[in-house]
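# fold the stuff below for me.
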Amino acid sequence: MPDVKPHYSTQTKARKAALDILFMAEQRDDPIGETFAEQRSLTGHVVRELTTDIVLGVARHQREIDQRIAESTTMKWPLERMPSVDRNLARIAVFELDYTDTPPAAVISEAVRLAGDLSTDESPTFLNGLLAKALAAKPTTN
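Numbers count the residues shown, from 1 in each chain. The predicted structure follows:
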C-alpha cells in the first residue's frame, strides 16, 4: 500500500503544529512556552495565529484543561495513562471547546481526524467519547 500523506486544511495544519509543540514540550519535560519560543526561532517561519492561540492557551489554562479531561475519562484510562498524542489532542480540543468560539463539532472532528492519522487504532473512538463527555459537561459562563 502506498504511503499517502493526508491533505490537511489550514486549520488542521495549525492544530497539528500546536500538537507537535505540546508533544515536544511534554517529552522533554520543558515548559510549553519555552518549547514554543525555541521552535519559532529554529524554523524562522511565521507561525499561524491559530497555532499560537492554541499553544499559549493550553499553557495558560493547562491545570483547568487537565482537570476537565480527567473528569471526562474513566478510572481505567486516567490522563497519565493516555498516549501522549491523545492527551495533547484532548488538551487542544478542550481548550478550543472551553475558551474559543470554534464550533464544537469542528473541534471534535479535527481531534478525531488527527488521532486517526497520528495515534492508535482505538484513539479516534476514545477521543470522540471523551470530548463528547467534556462538551456535555462544559461549564456555563454568565
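# low pLDDT regions in the protein?
Low-confidence segments of the chain, defined by pLDDT under 70: 1-6, 44, 141-142.
# residue boundaries of the strands in it?
In chain order, the chain shows no strands, with DSSP state E as the criterion.
# which parts of it are helices?
10-28, 32-43, 49-72, 84-99, 104-118, 123-136 (DSSP state H).
# to Pro78, which of the ones you listed lies closest?
With CB to CB as the measure, helix 49-72 is the member of the helices of the chain nearest Pro78 (6.7 Å). Glycine gets a C-beta too; all of them are placed from N, C-alpha and C.
# what's the angle between that closest one and helix 32-43?
150 degrees (axes from the mean of the first three to the mean of the last three CA atoms, to 10 degrees).
# winner for burial among the helices of the chain?
The highest average neighbour count among those, using mean count of other CB atoms under 10 Å, belongs to helix 84-99 at a mean of 23.
# chain center to it, what's the gap?
3 Å (CA atoms, centre = their mean, to the nearest Å).
# packing partners for that helix?
The contact analysis (3 or more CB pairs under 8 Å, 6 or more residues apart in numbering; DSSP states H and E) places helix 84-99 against helix 10-28, helix 49-72, helix 104-118, helix 123-136.
# tilt between that helix and helix 10-28?
Going by the same axes, to 10 degrees, helix 84-99 makes 120 degrees with helix 10-28.
# related to what we said a few turns ago, distance to Thr35 added to the helices and strands packed on helix 84-99, as CSV?
Shown next, in CSV, are the helices and strands packed on helix 84-99 (distance: least, CB to CB, whole Å):
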stretch, distance to Thr35
helix 10-28, 4
helix 49-72, 9
helix 104-118, 18
helix 123-136, 23
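# just so I know, which of the ones you listed lies nearest Val85?
Val85 lies closest to helix 104-118 among these, at 5.4 Å (CB to CB).
# between helix 10-28 and that closest one, find me the angle.
Going by the same axes, to 10 degrees, helix 104-118 makes 60 degrees with helix 10-28.
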